[in-house]
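Visitor: 3D model of this:
(chains A, B, C, D, E and F)
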Protein chains: 6
Amino acid sequence: MFLRIDKLQTELPAPKKADPNAAAALQELLGGKYGEMSTLGNYLFQSFNFRSKSKLRPFYALVAAITAEELGHVELVSHGVAMLNNGPDKEANEAGGADVSKAPFAEMQDIRLAASFMSNGGGAMPMNANGASWNMDFVTTTGNVVFDLLHNFHLECGARLHKLRVYETLSEPTGREVCGYLLVRGGVHAHAYALALKKITGADITKILPTPNIHLDRIPESRKYLAEGSHRRLYRFSPEDYREIAGVWSSDETALPNDPQGKLEVVDGPPEGGKIHDLTGMASAFTPDYAPEEMFEIATKLYKKSR
Amino acid sequence: MFLRIDKLQTELPAPKKADPNAAAALQELLGGKYGEMSTLGNYLFQSFNFRSKSKLRPFYALVAAITAEELGHVELVSHGVAMLNNGPDKEANEAGGADVSKAPFAEMQDIRLAASFMSNGGGAMPMNANGASWNMDFVTTTGNVVFDLLHNFHLECGARLHKLRVYETLSEPTGREVCGYLLVRGGVHAHAYALALKKITGADITKILPTPNIHLDRIPESRKYLAEGSHRRLYRFSPEDYREIAGVWSSDETALPNDPQGKLEVVDGPPEGGKIHDLTGMASAFTPDYAPEEMFEIATKLYKKSR
Amino acid sequence: MFLRIDKLQTELPAPKKADPNAAAALQELLGGKYGEMSTLGNYLFQSFNFRSKSKLRPFYALVAAITAEELGHVELVSHGVAMLNNGPDKEANEAGGADVSKAPFAEMQDIRLAASFMSNGGGAMPMNANGASWNMDFVTTTGNVVFDLLHNFHLECGARLHKLRVYETLSEPTGREVCGYLLVRGGVHAHAYALALKKITGADITKILPTPNIHLDRIPESRKYLAEGSHRRLYRFSPEDYREIAGVWSSDETALPNDPQGKLEVVDGPPEGGKIHDLTGMASAFTPDYAPEEMFEIATKLYKKSR
Amino acid sequence: MFLRIDKLQTELPAPKKADPNAAAALQELLGGKYGEMSTLGNYLFQSFNFRSKSKLRPFYALVAAITAEELGHVELVSHGVAMLNNGPDKEANEAGGADVSKAPFAEMQDIRLAASFMSNGGGAMPMNANGASWNMDFVTTTGNVVFDLLHNFHLECGARLHKLRVYETLSEPTGREVCGYLLVRGGVHAHAYALALKKITGADITKILPTPNIHLDRIPESRKYLAEGSHRRLYRFSPEDYREIAGVWSSDETALPNDPQGKLEVVDGPPEGGKIHDLTGMASAFTPDYAPEEMFEIATKLYKKSR
Amino acid sequence: MFLRIDKLQTELPAPKKADPNAAAALQELLGGKYGEMSTLGNYLFQSFNFRSKSKLRPFYALVAAITAEELGHVELVSHGVAMLNNGPDKEANEAGGADVSKAPFAEMQDIRLAASFMSNGGGAMPMNANGASWNMDFVTTTGNVVFDLLHNFHLECGARLHKLRVYETLSEPTGREVCGYLLVRGGVHAHAYALALKKITGADITKILPTPNIHLDRIPESRKYLAEGSHRRLYRFSPEDYREIAGVWSSDETALPNDPQGKLEVVDGPPEGGKIHDLTGMASAFTPDYAPEEMFEIATKLYKKSR
Amino acid sequence: MFLRIDKLQTELPAPKKADPNAAAALQELLGGKYGEMSTLGNYLFQSFNFRSKSKLRPFYALVAAITAEELGHVELVSHGVAMLNNGPDKEANEAGGADVSKAPFAEMQDIRLAASFMSNGGGAMPMNANGASWNMDFVTTTGNVVFDLLHNFHLECGARLHKLRVYETLSEPTGREVCGYLLVRGGVHAHAYALALKKITGADITKILPTPNIHLDRIPESRKYLAEGSHRRLYRFSPEDYREIAGVWSSDETALPNDPQGKLEVVDGPPEGGKIHDLTGMASAFTPDYAPEEMFEIATKLYKKSR
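Guide: This next block holds a predicted model:
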């Protein structure tokens, strides 16, 4: 079972303006082969399909707990996409009388992924930067534990490479923060899978890290997370379960050589998190609708009733 | 953010034997157009992309909270698939010396979705009963609240129809329980979206329920859930958030005419839930591996260290 | 069986100039999830697969007759796409000696859907605004009549939303006329499915209309169709059959509250229609070929022979 | 524009019993690369995109008129699929009280395309015999007339090969009749495209026919169509238009050497056609619904009103 | 550039009988995510896209040379598939007069991938065991050398797992030989990529081998290849180039601990190879055609002329 | 079996600058329906699946030998794509200290296929100009020799049309050379398949050539290849095999009427070929990595050891 908390895993700064091509770039980290839907999808199904869970509890718990964090990564990138498509939240919604007959969205014909406006009204979708759908070809779940862990290690390294490249195309703060945060967290997952493999096979695969061969202190947006030790923390993301991840991400181990040093630690609660943005609707785009005033009024009454 | 609990939303009885074609049938409810990946994917992205969240809080909260339940539905069906593919949990794993050269899995050539064995070792995948991948074509997220709610209402009705038909093909208990439980919970979601639409538009769309036109007391596996009132309960699936769903699923409303009567209620905690099955590995299928004894030993040590 | 008439359902004004990105926008209404290929595909297969046709004649006839109209919608949007890609018809074809070695189509590298030129020579294809193919994931045909009608009602509402957004990106007359016409006709279909559902279930689902919540008189290109009462007419699109649609789209019913008032009526013949544009070929694009003069001469002779 | 007639292009004998794997075989001729959706899709979009229609009228008319026939072929195969999945029409619908809890469709787990039952209730879908969707990869529309005609000639030859092989797997009459009829009609289309190419280029491509190298009199189900001269007839499928096809399919030409001899002729009206089967619903499969009696009653009233 | 030799990389025993479901199982090793089309596609595009080839010659040469071997693997599996679908070569082709009207291929409706007969006449296709197409989602080519090598190492381990499972379903000799041979050669490639990674990063990733954890002497069909030292040999598959692979697959290194010991060696020529099977046509399946006698005669004359 | 030579089939001039949209245009000729992956894929699988190889040796050899050339075409276009994405080779790699935090690739958000940078670092992929994947829908292999040859003839004509159109969009030399060369070689293949068909059926299908109707001397980049007689040569691309192609591409036949005249000839060796470009890496794009100096040093040592 899963519970939901109405917060993002970290605080995202608002975009300065709507920037659909930046949003389209960020889509690569959402629905691309090495995007968050893929890390989520792989660990989700691997955790369901995990064999001999009782005998392999620390490894099962590792995959299961990271799955929960990946859900929040999918959420974080999706919010980044929607925020970049829609621009900063506005005080008030457009008047319902916006004139649709004056081609108010003429420029939407030239954005890279035009269907993101036409079909999704600027919302995020499980697709990559070229608009191709996420699908099961991106999921590997064989039931062979060593192989699945090796796959996951490779997946996290690939995810790092893609995040770095997308980051290099972004000049506004929302998307850069998404990348900066995820680079640190993805590093934790790569490290964790490397430790799991090392404990089972003895292969010192951590020497392959970091791949690509660049330290995170080169990324200004990552530095604050390094400074607070995020790279040494694995969250359980569960009220009670998955404590056995401490068998892998153990306090006997330390941070990777090129990151700020210190012991690895398992954190019981979720991170503090950041606020969910409002994504103010735009009547002329029919979000939440063309004349939403009555809907707002109804919602206000229902809201009061619920308190 | 999302948290995870190491339990299923309900208790699933173990299968009597491995039954790959029954598992393949259940896949329709996992990755088909009207399967749980679709309800999850729609509500997940709709909740991310929801416009004017602050002004439409009860509707936003409804979609966001149901998303969390759908995650557990994906989990439940996936476990059903994996359990049916693998048969009942065994006391002990196969000896590592299983002879792979005697075509021990000859019959796997004739199961309907042979790749489920060859590639996934009997694990669930985000695909339908014909082996076609789940993909973004199954996701509608337009940012128009009335339309998205209408879509969701139609989606839940379609999901009900597919569950009924899959149920009619199943003769073993694991899959039937999956269907029986989900039919009740899906009914709740259809009812909730109908109420939301009714409150906004005034259209009495609940009269379309149930679609198909059959009462759940015809399904023996659904009756116990009806008896305990599951059809009248909407879970918040959150430690603190989404209380505003009570504006829609309110105690002023009652169960649908043909279901056991009583007031609708919002439940604060998650359901009690059922146990996660072990899915004992099979060395000859290389799950968790061919000679896993050493891996088990390592895991045992790590487990102890984590306690 | 189907018959064909060499006319469009309405007259389309010629584009002022070639505008490939406008054509690409219009593709969303052709091959997108809520485009005309989808309304066609759903009703086509639903009409084939319709159960108990004799006992449910008015509902069968409704789906079957609307299918024929949707064919003409696919045709209309396709012509819009091809016209926008190719620009206005020219008096004469280019001389065959156009120089292909001077990169005459250099700008085609930068249009959004470059393959539309390279592969289709500016022709329409069953794909959406991002170039993704139409496919069977967009077809719902369950054989359950209430559910299929509900699906169709939702589909028409979604189609309306997509048409509105595409319209808002268009500033030239061809594409705007396509949208203006289809918005009126789509409204008829949404209304018809709502009436069918209401008659079967009693649910007053017409109250959900219009979705999105905008009246068509806001669309200048729609007004003339409203003025002539197109929104109150359902065509049989058949020499003899489907008269039973009058059981649903009956003269007892009237136009929706916000549209020009009047009784609903079933029209026996097809609409008057508009001319098919010539789409003058361009030798340098090898349409109809690089040196087509001989082909034209042959065709002229064959044409004479056929008269 | 298109009109619809409530008849099939030929009379199909009822199946003796439900035979889902035979239906699945027939799907290859519906949604496969060389199936009827492909001939339809190619000619439909080629006719929309046809350049210099006025100067190339006989060739444009050929493609446009054959499109209308292909629509009827899609219909014919679809009916064949649905009939084979559902078995012979029954006098009366099942009582609404069918017991869904006794796994009444257990055998549906083992049919080749299980989703055809679970999702489509035995209805036809635009997919091939392996359940893969029809899509735009099967459409070639380049705007180059010679090339598109060459493509169409190859497409019809490929369609013939696929029909022959599917026919060889069928032992019940419905599907065999579908194949027998379509083999004759497909032969006409291959011949017509060969004549068009020959008239433009001078290449005597008719010598490649028949491909595969087998005469139709080997197919008992084709013989009656040969006997009545169907292989020499091209239908206009239009009230008034496309008379120019007589420039290509001209009375100066005769049947292919191995077919019954005689002049080619253009037929003004559509073929006489055969009846649309009722496809009696099955309450236990929720077609048209679980308890459809009330729906039948409503339909009867509406039917009377429409007369 | 590539050259072709009319031999398989090893000798395949003829099948005893046609066995389409065994052929379908083998398809997983051809077009599945971890099949030979994937190893080919990854190394082919990685070798094209390789950056700084001159400075990284040994690593470039490694990927480029293995690509050539993978082409032969695709060939080998494809022949296995076609042979299993078609059965043993026959002395003479069927008489052209085979009766197609007696449903000679009725049983083809029930094979798992029926389109393999209907569309491909028993030929291999780039698809997996469920009939899903190979596609670019299976190709990773990032230009980052360490990451691409890590991906390749994981890919070869996954390929091994899939080969083992497919092998376990096969009881006839053709398919088993395919698996036995490829397991040895795949082991070489995994070893080679591990050595490359170790030389660059220092990580002793060879300790992860073998994955799955089973020695090849458990596979009777692999033993003769082990005995002749195939597991210690890397072929250059080039008249003159790629000698630099000896920098990675060097004579300083030895076989993996559990395989027969000895030094690694680079082989200049290709392996001796085995014969290409004839795949005798079957007139009733229209392969090479229904009445091929004249074609055979023409071919004989052309053959003589070419000598 | 296949061998590989470290050369391209012809010399490609270096691009003047990086031009990602030109590279994207060239992708149509790589992974589009009528691109080189398709000609390769069709002939590769047709040659594997060829029936009665011994009796039809000249036709089998033709398909098999052309396959080897197509591999080189895939290679040639891929190099063109990668070269255009990456620009001219540089003397030295970027210093490893490139600053990734200054959005050095901001402009990559606006290229047509942004994932080509983000995921592939400028490398070629098996996809078309719209970013859609190559897949098995583009492969026809029926086992019927006449039909497969007819398909191949149509495929080569379509490939010619696509090459012409892509060429018309290109203004830099690398891509134009790719097109100029492939137009000549594609012409050879179309001619060869036409001759094969003519020899079997007697149909003079060569009269359809050239399609489109333009002579190659209009393409400056093709002229030098015409001048050296490339259009009259078919390469065996094999050390010893496929001599029987001389039965089809025989010295009794001459060049097509509009090409420079002379006899057709079979060439024993491969063409002389051109050099493989280095594709100098770019540290800031992580190709071959961010700090590759140590990797270069290791490679140099391994290179020396291999000599």
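Visitor: Now do the residue with the shortest distance to the centre of chain A against residue A:225, distance only.
Guide: Centroid-nearest residue in chain A, with Cα atoms, centre = their mean: residue A:73, separated by 1.9 Å. From residue A:73 across to residue A:225, the span is 14 Å (Cβ to Cβ, to the nearest Å). In short, each C-beta sits where N, CA and C put it, glycine included.
Visitor: what's the nearest residue to the residue nearest to the centre of chain A if we skip its chain neighbours?
Guide: Nearest non-adjacent residue to residue A:73, counting by Cβ to Cβ, 6 or more residues apart in numbering or on different chains: residue A:36, 4.2 Å away.
Visitor: Now for that neighbour: which residues touch it?
Guide: A:29-30, A:70, A:73-74, A:76-77, A:159, A:182 (Cβ atoms under 8 Å, 6 or more residues apart in numbering or on different chains).
Visitor: Now for those, which sits with the most neighbours around it?
Guide: Comparing the contacts of residue A:36 by number of neighbours (other Cβ atoms under 10 Å in any protein chain shown), residue A:29 comes first, having 32 neighbours.
Visitor: who touches it in this structure?
Guide: Counting by Cβ under 8 Å, 6+ apart, residue A:29 touches A:35-36, A:77, A:159, A:162-163, A:166, A:178-179, A:182.
Visitor: switch to 7 Å and redo it
Guide: By Cβ atoms under 7 Å, 6 or more residues apart in numbering or on different chains, the contact set of residue A:29 is A:35-36, A:77, A:162-163, A:166.
Visitor: closest to chain E among the contacts of residue A:36?
Guide: Nearest to chain E among these is residue A:159, at 10.5 Å by Cβ to the nearest Cβ.
Visitor: Report the secondary structure element holding that closest one.
Guide: Using DSSP states H and E, residue A:159 falls within helix A:145-167.
Visitor: okay but residue A:40 is in contact with residue A:74, surely?
Guide: Yes - Residue A:40 is within contact range of residue A:74, at 5.4 Å (criterion: Cβ atoms under 7 Å).
Visitor: on that earlier part again, mind exporting the helix holding residue A:159 as CSV, just the C-alpha atoms?
Guide: Provided in CSV are the C-alpha atoms of helix A:145-167 (Å, rounded to 0.1, in the frame of the first residue of the first chain):
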residue,chain,number,x,y,z
VAL,A,145,18.3,-10.6,-8.0
VAL,A,146,21.9,-10.1,-9.1
PHE,A,147,20.9,-9.3,-12.6
ASP,A,148,18.1,-6.9,-11.6
LEU,A,149,20.4,-5.1,-9.2
LEU,A,150,23.1,-4.8,-12.0
HIS,A,151,20.4,-3.4,-14.3
ASN,A,152,19.4,-0.9,-11.6
PHE,A,153,22.9,0.2,-11.1
HIS,A,154,23.3,0.8,-14.9
LEU,A,155,19.9,2.6,-14.9
GLU,A,156,20.9,5.1,-12.2
CYS,A,157,24.2,5.8,-14.0
GLY,A,158,22.3,6.4,-17.2
ALA,A,159,19.8,8.6,-15.4
ARG,A,160,22.6,10.7,-14.1
LEU,A,161,24.0,11.3,-17.6
HIS,A,162,20.6,12.3,-18.9
LYS,A,163,20.0,14.7,-16.0
LEU,A,164,23.4,16.3,-16.6
ARG,A,165,22.6,16.9,-20.2
VAL,A,166,19.1,18.2,-19.7
TYR,A,167,20.5,20.5,-17.0
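Visitor: Sketch out the low-pLDDT regions of chain A for me.
Guide: Scanning chain A for pLDDT under 70 picks out the ranges A:91-97.
Visitor: For it, which segments count as strands?
Guide: Applying DSSP state E to chain A gives strands spanning A:2-4, A:233-235, A:265-267.
Visitor: List the buried residues of the last one.
Guide: Which is strand A:265-267. residue A:266 (16 or more other Cβ atoms under 10 Å in any protein chain shown).
Visitor: Packing partners of it?
Guide: On a contact count with 3 or more Cβ pairs under 7 Å, 6 or more residues apart in numbering or on different chains; DSSP states H and E, strand A:265-267 meets strand A:233-235.
Visitor: Report the strands that pair with the strand it packs on, each with its relative direction.
Guide: Strand pairing for strand A:233-235, using DSSP bridges, gives strand A:265-267 (parallel).
Visitor: Residues contacting the strand it pairs with, please?
Guide: Residues contacting strand A:265-267 (Cβ under 7 Å, 6+ apart): A:232-236, A:245-246, A:249, A:251.
Visitor: ok now that strand, how far from the chain's centre?
Guide: Relative to the centre of its chain, strand A:265-267 is centred 20 Å away, using Cα atoms, centre = their mean, to the nearest Å.
Visitor: same deal with stretch A:296-307?
Guide: Mean-position distance between stretch A:296-307 and its chain equals 32 Å (Cα atoms, centre = their mean).
Visitor: show me what contacts the closest residue to chain E within the stretch 1-150 of chain A?
Guide: In the stretch 1-150 of chain A, no residue comes nearer to chain E than residue A:137, which is 3.9 Å away by Cβ to the nearest Cβ. Residues near residue A:137 by Cβ under 7 Å, 6+ apart: B:133, E:33, E:137-138.
Visitor: ok, those residues vs residue A:170, which is closest?
Guide: Closest approach between the contacts of residue A:137 and residue A:170, by Cβ to Cβ: residue E:137, at 24.9 Å.
Visitor: Could you check how far that closest one is from residue B:154?
Guide: 30 Å.
Visitor: And for the residue in the stretch 151-300 of chain A that chain D sits nearest to, nearest residue in space, chain neighbours not counted?
Guide: Among all residues of the stretch 151-300 of chain A, residue A:151 sits closest to chain D, at 26.6 Å; criterion: Cβ to the nearest Cβ. For residue A:151, ignoring the flanking residues on the chain, the nearest one in space by Cβ to Cβ, 6+ apart is residue A:140 at 4.7 Å.
Visitor: Return the residues in contact with the one you found.
Guide: By Cβ under 7 Å, 6+ apart, the neighbours of residue A:140 are A:42, A:148, A:151, E:158.
Visitor: Verify the stated contact: the first one with residue A:154.
Guide: No - between residue A:42 and residue A:154 there is no contact, the gap being 10.7 Å when judged by Cβ under 7 Å.
Visitor: Any idea how many residues pack against residue A:163?
Guide: The tally of other residues near residue A:163 (other Cβ under 10 Å) stands at 25.
Visitor: Run a quick check on it versus residue A:183, I expect a contact.
Guide: Yes - using Cβ under 7 Å, residue A:163 is in contact with residue A:183, at 5.3 Å.
Visitor: re the thing from before, so the residue nearest to the centre of chain A versus chain B, what's the distance?
Guide: Distance of residue A:73 to chain B, computed by Cβ to the nearest Cβ, to the nearest Å: 10 Å.
Visitor: show me what contacts that residue?
Guide: Residue A:73 makes contacts with A:36, A:39, A:182, as judged by Cβ under 7 Å, 6+ apart.
Visitor: With respect to residue C:307, which of those is nearest?
Guide: Closest to residue C:307 out of those is residue A:36 (65.0 Å), distances taken as Cβ to Cβ.
Visitor: For residue A:76, see how far away that closest one is.
Guide: Applying Cβ to Cβ to residue A:36 and residue A:76 gives a distance of 8 Å.
Visitor: before we move on, back to that, give me the more crowded residue out of residue A:42 and residue A:154.
Guide: With neighbours defined as other Cβ under 10 Å, residue A:42 and residue A:154 compare such that residue A:154 has more, 26 against 22.
Visitor: how close does the closest residue in space to the more buried one that isn't next to it in sequence get to residue F:261?
Guide: Using Cβ to Cβ, 6+ apart and skipping residues adjacent in sequence, the residue nearest residue A:154 is residue E:154, 4.5 Å away. Separation of residue E:154 from residue F:261 (Cβ to Cβ): 56 Å.
Visitor: ditto for residue A:147
Guide: Using Cβ to Cβ, residue A:147 is found at 61 Å from residue F:261.
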